[in-house]
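Engineer: whatever this is, show me its structure:
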Amino acid sequence: MTQYTTQMDAARQGIITPQMEIVAEKEHFDVEELRELIAKGQVIIPCNKNHKSISPSGVGAKLTTKINVNLGVSRDWKDVDMEYEKVHSAVEMGAEAIMDLSNYGKTNTFRKQLIEMSPAMIGTVPMYDAIGYLEKDLLEISAEDFLKVVRAHAEEGVDFM
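Structural biologist: Numbers count the residues shown, from 1 in each chain. Purely as a prediction, here's the structure:
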């Protein structure tokens, strides 16, 4: 049974996680020094336990700069297959993060497939998704409604928001 809930929690307990080992290897970095930086809040490893295909990356002090690619479906761009092609190309070119800016249609269907197929960290902007997800006008969305969308993204495997 896991003794921690987050990478920071593990780091503060002195635990080196498999994700920390992967990041340390990618960064050519001492894993104990990485753990210390995570414990101090100077490095993060956005790595949702529900994102099964992820290859963890670290962000923060003393680490390399990460490449982020923005994409998504919208009222003006509905070609989901083209967005998946962009994901494949981005990953092949070394992108460590994909920011899903989808705000139209079946965003959760697109996002779930994105999380399933991508080894890159996945980020979202829950407010972009809230209108379609909740089927409400923006002015009708309450704090509780918004948190429902945030929770859904986390449960789907989104790594950062």
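
Engineer: helices along the protein, start to end?
Structural biologist: 7-12, 18-27, 31-39, 80-92, 107-117, 126-134, 143-156 (DSSP state H).

Engineer: send the alpha carbons of the last one over as CSV?
Structural biologist: Output in CSV follows, covering the C-alpha atoms of helix 143-156 (Å, rounded to 0.1, in the frame of the first residue of the first chain):
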residue,chain,number,x,y,z
ALA,A,143,-18.1,27.5,-7.4
GLU,A,144,-19.5,24.0,-6.6
ASP,A,145,-20.2,23.5,-10.3
PHE,A,146,-16.6,24.5,-11.2
LEU,A,147,-15.1,22.2,-8.6
LYS,A,148,-17.2,19.3,-10.1
VAL,A,149,-15.4,19.9,-13.4
VAL,A,150,-12.0,20.1,-11.7
ARG,A,151,-12.7,16.8,-9.9
ALA,A,152,-13.8,15.1,-13.2
HIS,A,153,-10.5,16.2,-14.9
ALA,A,154,-8.5,14.9,-12.0
GLU,A,155,-10.4,11.6,-12.0
GLU,A,156,-9.8,11.3,-15.8
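
Engineer: report the distance from it to the chain centre.
Structural biologist: In terms of Cα atoms, centre = their mean, to the nearest Å, the centre of helix 143-156 is set 14 Å apart from its chain centre.

Engineer: repeat for the fourth one
Structural biologist: The chain centroid and the centroid of helix 80-92 are separated by 16 Å under Cα atoms, centre = their mean.

Engineer: ok, and the closest non-adjacent residue to Pro56?
Structural biologist: Gln19 (4.2 Å; Cβ to Cβ, 6 or more residues apart in numbering). C-beta here means a position set from N, CA and C on the backbone, and glycine is covered the same way.

Engineer: show me the contacts for that neighbour.
Structural biologist: Gln7, Ile45, Cys47, Pro56 (Cβ atoms under 8 Å, 6 or more residues apart in numbering).

Engineer: can you rerun that using 6 Å?
Structural biologist: Counting by Cβ atoms under 6 Å, 6 or more residues apart in numbering, Gln19 makes contact with Ile45, Cys47, Pro56.

Engineer: what is the nearest of those to Thr2?
Structural biologist: Each of the contacts of Gln19 was checked against Thr2 using Cβ to Cβ; the closest is Cys47, at 13.0 Å.

Engineer: kindly state the pLDDT recorded for the closest one?
Structural biologist: Per-residue confidence (pLDDT) for Cys47: 96.

Engineer: so it versus Met121, what's the distance?
Structural biologist: When distance is defined by Cβ to Cβ, to the nearest Å, Cys47 is 7 Å away from Met121.
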